[in-house]
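Participant: Quick one, what's the 3D model for this:
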Amino acid sequence: MKNIKTMDKKTLNKFIPFFVLAVFMLWMKTYITQKTQFSLSVDGTIQEFLLFLNPLGSALLLLSLSLFFKGTRKYISLLLIYMGMSFMLYANVVYYRFFSDFLTWPTLFQTQNFGDLGGSVATLIQPTDLLFFVDVVILAGLVVMTKAKKESGSFKTKAVLPVITIALAISFFNLALAEADRPELLTRGFDRNYIVKYLGMYNYALYDTAETVKSSSQRVLADSDEVTEVLNYTKSNNASANEEYFGAAEGMNVVYLHLESFQTFLMDYELNGEEVTPFLNSMMEEQNTMYFDNFFHQTAQGKTADAEFMLDNSLYGLPKGSAFITKGQNTYQAAPAILKDKGYTSAVFHGNNGTFWNRSEIYKSFGYDHFFDIESYTDLTEQDMAEYGVMDKPFFEQSAPLLESLPEPFYTKMITVSHHFPYNIDQSLATIDKGTTGDTSVDNYFQTARYADEAIEQFFVQLEESGLADNTMIVMYGDHYGISDNHNQAMEQVLSKEITPVENAKLQRVPLFIHVPGMEGGINSTYGGQIDLLPTVMHLLGVETKNYIQFGTDLLSEDHEELVTFRNGDYVSPEIYSISENFYNPETGLPIEESQLEQAEKFQENGSYEMELSDQLVNGDLLRFYTPNGFTPIDPADYSYQGILD
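Facilitator: Numbering: from 1, shown residues only. Below is the predicted model:
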């Protein structure tokens, strides 16, 4: 009471109700948003209570900072803090609608991409989103109505401390209850959904900040001893090449065809009795093509960039943000650099801005000789442009002479963009009807998939006409999901079955085709992921990989372990699927037998350890301390993508 008496009574009478109202509105808005806009899998009374409670402590704590200001500035600072927290909440809602994930600081650092994302972001914004800011308008109106300009009083520090103490007490109680329900919540690497569910959106932001600072400091503190543990692990887990396939493509050119947003369910799928991807379907039966029907994407927030990172390096993408953005200057031993010592020329073809996802910089660290970006594609009409660059058909048409100009053998990557969210296409270019689920993204998906399929067929024809086909290995891979689990209701109509946790995991499969002239093809049901592509391709080219630090293993090797781990801690294998820390039988969709529990937990532990080592390697830039015998390190300063190939 003594502290209260020291305050200006007018300040107390006018500001405290205003402050309490702001805390209450932010608390309720955040709770309702977390409850209705995010799929957090809340289970049980304790989790429901925590979801309700967790916004209160952080809202009270952050808004209490306004109590340190005097006069009018109290109101203005409270309003600004409130607006900032509201905007952060809404930004996560929009981001979650497509990515089923939450924003992180590394993601926000990727602002150089925002100009290229405008159209896609617009499709995620809904008219009802205005409701997110009604409370902000109310609060701003109350600031005006209170005639705050005439106020000069302030709170004493001793009076503010009890408010902060209450806020911290609520937050610590929240954390203690969360830890009781989910032990080691902050240390066992659960996915971001867990953090938001248990601690709330704002505490998640604080946690993310601490984790970002921690990972950023790793390079400074790293030393050469740390690479030894990683090297020992990759050598002990190396899978020897299959003698039947080793060198099957030796000396051949390599072309990666990036199947943007393709998922395996598209293969052999018919819409209204018509094949959506007739050419790719035919490739599954082609005698020199091996098709992998249990191949999974392992991307996180980096999506396409994560896929590229894995296929070039056999290192995992980062758990947040993208290595393309934050680790562009690291030392790498990527495929282009490995093959350079074998006489290969390397190039990337991408009809978008060279700076998008920092490609024009990180490709230098990978050792790519050439990068053909949007500046290399000049004879274009408005109809030739997609949301993210050149439409696939003109892209392949104009890439043909560039590809043919490269010295052989070459290692190349061609990144398509037409089949990309939001899957818009000029209807004059569409050759199949839309879906009829009522979900725009799902319904449009089939038309752009068909267009991409036709463009890929066009590329194969071009390759035949150029005379390169008989000496070129073609690897076609899906980079990540196209339809997120936010659209599972529509996908149940598409697949005519319930999307259970196991079925949702199976939807993370993406196509992988490996076409090698003269090699016997067929359907391969081996479980594998994008991390396994580099050693597989290297062995087909006759390049031994055992001395390199690579976390994937050859998909064709008899020693390949069929365990695919994901950044959120889940994994899949032929016998066990781990989903949100529950273990399922992939055949029945039911929980596993108790006799399998030990094996399931062992898989979980092995997968987590492997990703920890990969993160340690990437965050610490540990490859600068290790050079394999026969490998020539890359100096990014030696590369420039200006004026490439006249």
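Participant: Name the nearest residue to E561, ignoring sequence neighbours.
Facilitator: T553 (6.6 Å; C-beta to C-beta, 6 or more residues apart in numbering). (Glycine included, C-beta is placed from N, CA and C.)
Participant: Low-confidence stretches in the stretch 151-300 of the chain?
Facilitator: For the stretch 151-300 of the chain, residues meeting the criterion pLDDT under 70 lie at 151-154, 156-157, 187-191, 215.
Participant: Going along the chain, name the strands of it.
Facilitator: 253-259, 270-271, 274-275, 289-292, 295-296 (DSSP state E, counting those that start in this stretch).
Participant: Pipe the ones you listed into TSV and attach distance to R567 and mean neighbour count per row.
Facilitator: Output for those, formatted as TSV (distance: least, C-beta to C-beta, whole Å; neighbours: other C-beta atoms under 10 Å):
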stretch	distance to R567	mean neighbour count
strand 253-259	20	23
strand 270-271	32	14
strand 274-275	33	16
strand 289-292	21	23
strand 295-296	12	26
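Participant: Out of those, flag the one nearest T627.
Facilitator: strand 253-259 (23.5 Å; C-beta to C-beta).
Participant: how far out from the middle of the chain is that closest one?
Facilitator: Between the mean C-alpha location of strand 253-259 and the chain-wide mean there is a distance of 21 Å, by C-alpha atoms, centre = their mean, to the nearest Å.
Participant: So what pairs up with G522 in the strands?
Facilitator: G522 has the following beta-bridge partners by DSSP bridges: M290.
Participant: Am I right that it is in contact with M290?
Facilitator: Yes: counting by C-beta atoms under 8 Å, G522 touches M290, with 6.1 Å between them.
Participant: mind listing what the closest residue to Y90 other than its chain neighbours touches?
Facilitator: Spatial nearest neighbour of Y90, excluding adjacent residues (C-beta to C-beta, 6+ apart): F132 at 4.8 Å. Counting by C-beta atoms under 8 Å, 6 or more residues apart in numbering, F132 makes contact with K29, T33, S86, L89, Y90, V93.
Participant: looking at these, which has the most residues close by?
Facilitator: When neighbours are counted by other C-beta atoms under 10 Å, K29 leads the contacts of F132 with 23 neighbours.
Participant: can you tell which of the strands of the stretch 151-300 of the chain is closest to D638?
Facilitator: strand 253-259 (21.8 Å).
Participant: which helices and strands does that closest one pack with?
Facilitator: helix 304-313, strand 410-415, helix 440-466, strand 472-478 (3 or more C-beta pairs under 8 Å, 6 or more residues apart in numbering; DSSP states H and E).
Participant: T448 is in contact with S418, isn't it?
Facilitator: Yes: in this structure T448 lies within contact range of S418 using C-beta under 8 Å: 5.6 Å.
Participant: which phi and psi does the residue lying closest to A600 once chain neighbours are set aside have?
Facilitator: Closest residue to A600 apart from its sequence neighbours, by C-beta to C-beta, 6+ apart: F583 at 4.4 Å. Dihedral pair for F583: phi -110, psi 130, per degrees, to the nearest 10.
Participant: What does the pLDDT read for F583?
Facilitator: The per-residue pLDDT reported for F583 equals 97.
Participant: again with I549
Facilitator: For I549, pLDDT reads 98.
Participant: how many neighbours does it have?
Facilitator: I549: 22 neighbours (other C-beta under 10 Å).
Participant: residues contacting it?
Facilitator: V227, V230, L231, T234, L315, Q333, L617, L623, Y626.
Participant: now do 10 Å
Facilitator: Residues near I549 by C-beta atoms under 10 Å, 6 or more residues apart in numbering: 227, 230-231, 233-235, 313-315, 333, 613-614, 617, 622-623, 626, 628.
Participant: Would you list the buried entries among the residues you listed?
Facilitator: 227, 230-231, 233-234, 313-315, 333, 613-614, 617, 622-623, 626 (16 or more other C-beta atoms under 10 Å).
Participant: Name whatever forms a beta bridge with the residue nearest to A600.
Facilitator: Applying DSSP bridges, one finds that F583 bridges with S578.
Participant: Go ahead and confirm it touches L597.
Facilitator: Yes: shown here, F583 and L597 form a contact pair, counting by C-beta atoms under 10 Å, at 7.0 Å.
Participant: who's more crowded, those two?
Facilitator: Neighbour count, other C-beta under 10 Å: between F583 and L597, F583 has more, with 20 against 13.
Participant: quick one: contacts for the more buried one?
Facilitator: Here F583 is in contact with 571, 575-577, 591-593, 596-597, 599-601, 603-604 (criterion: C-beta under 10 Å, 6+ apart).
Participant: List only buried entries from those residues.
Facilitator: For those, buried by 16+ other C-beta under 10 Å: Y571, E575, I576, Y577, I592, A600, F603, Q604.
Participant: picking up where we left off before, closest one to S41 among the strands of the stretch 151-300 of the chain?
Facilitator: strand 295-296 (20.8 Å).
Participant: for the stretch 451-600 of the chain, what spans make up the helices?
Facilitator: For the stretch 451-600 of the chain, helices defined by DSSP state H, counting those that start in this stretch occupy the ranges 488-495, 501-506, 533-540, 597-620.
Participant: Pick the most buried one from those.
Facilitator: Among these, helix 533-540 has the highest mean neighbour count (mean count of other C-beta atoms under 10 Å), at a mean of 26.
Participant: Centre of the chain to that helix, how far?
Facilitator: On C-alpha atoms, centre = their mean, the centre of helix 533-540 falls 23 Å from the chain's centre.
Participant: counting contacts, what elements does it pack onto?
Facilitator: strand 253-259, strand 289-292, helix 304-313, helix 335-340, strand 472-478, strand 512-515 (3 or more C-beta pairs under 10 Å, 6 or more residues apart in numbering; DSSP states H and E).
Participant: before we move on, the earlier item: hey, what's in contact with both of F583 and L597?
Facilitator: Joint contacts of F583 and L597 (C-beta under 10 Å, 6+ apart) are I576, P591.
Participant: Skip the chain neighbours and tell me the closest residue to L61.
Facilitator: In space, and not counting its chain neighbours, L61 is closest to A167: 3.7 Å by C-beta to C-beta, 6+ apart.
Participant: Hmm, I typed the wrong one, I wanted S418.
Facilitator: Per C-beta to C-beta, 6+ apart, closest to S418 is D392, 4.3 Å.
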